[in-house]
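Participant: Need coordinates for the below:
(2 chains)
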There are 2 protein chains.
Amino acid sequence: MTEFTDYMALAFEQAEQAFEADEVPVGAVIVSAAGRVVGAGQNHMRRLKDASAHAEMLAIKDALRQTGQDRLEGHDIWVTLEPCAMCAGAISHMRFRRLYFAAYDSKSGAVDNGPCLFHQPTIHHRPEIIGGLQDRRSEALLQQFFAAKR
Amino acid sequence: MTEFTDYMALAFEQAEQAFEADEVPVGAVIVSAAGRVVGAGQNHMRRLKDASAHAEMLAIKDALRQTGQDRLEGHDIWVTLEPCAMCAGAISHMRFRRLYFAAYDSKSGAVDNGPCLFHQPTIHHRPEIIGGLQDRRSEALLQQFFAAKR
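Facilitator: Below is the predicted model of the structure:
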């Protein structure tokens, strides 16, 4: 199994835990340049009663705590869904090296959809972006979640 | 003194406290539909060692804690500087009624600058937006801060 698959698998573990907790199933992990997982997060909007408690934001707080840094330069973030504007903005502030994500999100995504934030001339930091990895798996998980809600 | 001036004055108090703590001087307050201040925040990037600890994000967390709600529908947010993409995204998630801000920010603003987030067709919630209130006061405070750094 490649390094590539391992980290996204960890992000999916987070997403699946969110699903079991009746949260929109999205997960994220943060990996140092040395390949160490230094942060993980999953959606907690319901559990924390906070509509901004997205997987990426919580993974970032976790990684800042674990590393003692105020930014995450040289680190990569792996997410099971294309980040929204809030999360993409935070990813820019953190100066990540790479952003890997699974499913594209035409409704709320802000990386390859909507404001395409990292293509704005005013963006201060743009990570390398690799989208669409295991997108079918993420889409299936989200569809399963929302189908159960209807 | 009008209601209008009062709330922005409280946001400036936050910004001035940030200045004294050697933080980029930006402040925010959140006001309920009934006119009660339910949240306040100021930049804490240095003190919290977190490049995403912007005034608006901290004011939102404070207001969620104080109100026990998961969103801030019907509430207004007053900020001394045009919000960035991360904060504007969070403001949308919270479903604020109105966003009032002082100075425009051509470098990092995402409301009337850069991605103009609330004008994107994919934005889910757009507050009423009133920008440019007491912009000179905010600009002067920021200039004073950065001049001292040079």
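Participant: CA atoms for contacts and neighbours, from now on please.
Facilitator: Noted.
Participant: The residue in chain A that chain B sits nearest to: helix or strand, and which one exactly?
Facilitator: Distances between chain A and chain B by Cα to the nearest Cα are smallest at A:M86, namely 3.8 Å. Using DSSP states H and E, the element containing A:M86 is helix A:85-94.
Participant: ok, now A:I30?
Facilitator: Using DSSP H and E, A:I30 falls within strand A:27-31.
Participant: ok, and what's touching that strand?
Facilitator: A:7-8, A:10-16, A:18, A:37-43, A:55-56, A:59-60, A:63, A:75-81 (Cα atoms under 8 Å, 6 or more residues apart in numbering or on different chains).
Participant: can you do 7 Å?
Facilitator: Outside strand A:27-31, the residues within contact range by Cα atoms under 7 Å, 6 or more residues apart in numbering or on different chains are A:10-12, A:14-15, A:37-43, A:55-56, A:59, A:63, A:75-80.
Participant: Would you map the strands across chain A?
Facilitator: A:27-31, A:37-42, A:76-81, A:98-103, A:128-131 (DSSP state E).
Participant: returning to that earlier point: please identify the buried residues of the helix holding A:M86?
Facilitator: A:85-94 (16 or more other Cα atoms under 10 Å in any protein chain shown).
Participant: Over to stretch A:20-38?
Facilitator: For stretch A:20-38, using 16+ other Cα under 10 Å, the buried residues are A:23-32, A:37-38.
Participant: burial measure for A:L48, as a count.
Facilitator: The number of residues packed near A:L48 is 13, by other Cα atoms under 10 Å in any protein chain shown.
Participant: could you dump the strands of chain A to a markdown table with mean pLDDT?
Facilitator: Conversion of these to a markdown table gives the following (pLDDT from 0 to 100):
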| stretch | mean pLDDT |
| --- | --- |
| strand A:27-31 | 98 |
| strand A:37-42 | 98 |
| strand A:76-81 | 98 |
| strand A:98-103 | 98 |
| strand A:128-131 | 98 |
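Participant: rewinding a little: show residues contacting the helix holding A:M86.
Facilitator: A:56-57, A:71-73, A:109-111, A:124-126, B:51-52, B:85-87, B:89-90.
Participant: for that helix, the distance to its chain's centre please.
Facilitator: Taking Cα atoms, centre = their mean, to the nearest Å, the mean C-alpha location of helix A:85-94 is offset from the chain mean by 10 Å.
Participant: hang on, the earlier thing: okay, the strand holding A:I30 in CSV with CA atoms only?
Facilitator: Below are the C-alpha coordinates for strand A:27-31, written out as CSV (Å, rounded to 0.1, in the frame of the first residue of the first chain):
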residue,chain,number,x,y,z
GLY,A,27,-12.7,13.7,7.8
ALA,A,28,-9.2,15.2,7.7
VAL,A,29,-5.7,14.4,8.7
ILE,A,30,-2.5,16.5,8.8
VAL,A,31,0.9,15.0,8.0
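Participant: okay, the angle between it and strand A:37-42?
Facilitator: 170 degrees (axes from the mean of the first three to the mean of the last three Cα atoms, to 10 degrees).
Participant: same for the longest helix seen in chain A, what does it pack against?
Facilitator: Across chain A, the helix with the greatest residue count (assigned by DSSP state H) is helix A:3-20. Under the contact definition 3 or more Cα pairs under 7 Å, 6 or more residues apart in numbering or on different chains; DSSP states H and E, helix A:3-20 sits against strand A:27-31, strand A:37-42, strand A:76-81.
Participant: mind listing what the second one pairs with, with the direction of each?
Facilitator: Pointing back at strand A:37-42 there. Here strand A:37-42 has these sheet partners by DSSP bridges: strand A:27-31 (antiparallel).
Participant: Repeat that for the last one.
Facilitator: Taking DSSP bridges as the criterion, strand A:76-81 sits next to strand A:27-31 (antiparallel), strand A:98-103 (parallel) in its sheet.
Participant: now the angle from the shortest one to helix A:3-20?
Facilitator: Between the axis of strand A:27-31 and that of helix A:3-20 there is an angle of 140 degrees, by the same axes, to 10 degrees.
Participant: residue nearest the centroid of chain A?
Facilitator: A:V79 (3.0 Å; Cα atoms, centre = their mean).
Participant: Go through stretch A:64-78 and flag the buried ones.
Facilitator: Those would be A:64, A:70-73, A:75-78, for stretch A:64-78 by 16+ other Cα under 10 Å.
Participant: Make CSV out of the residues you listed and add distance to B:Y104.
Facilitator: Output for the buried residues of stretch A:64-78, formatted as CSV (distance: Cα to Cα, whole Å):
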residue, distance to B:Y104
A:L64, 30
A:D70, 26
A:R71, 25
A:L72, 28
A:E73, 28
A:H75, 32
A:D76, 32
A:I77, 31
A:W78, 33
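Participant: what's the farthest-apart pair in these?
Facilitator: Using Cα to Cα, the pair of these lying farthest apart is A:D70 and A:W78, separated by 19.1 Å.
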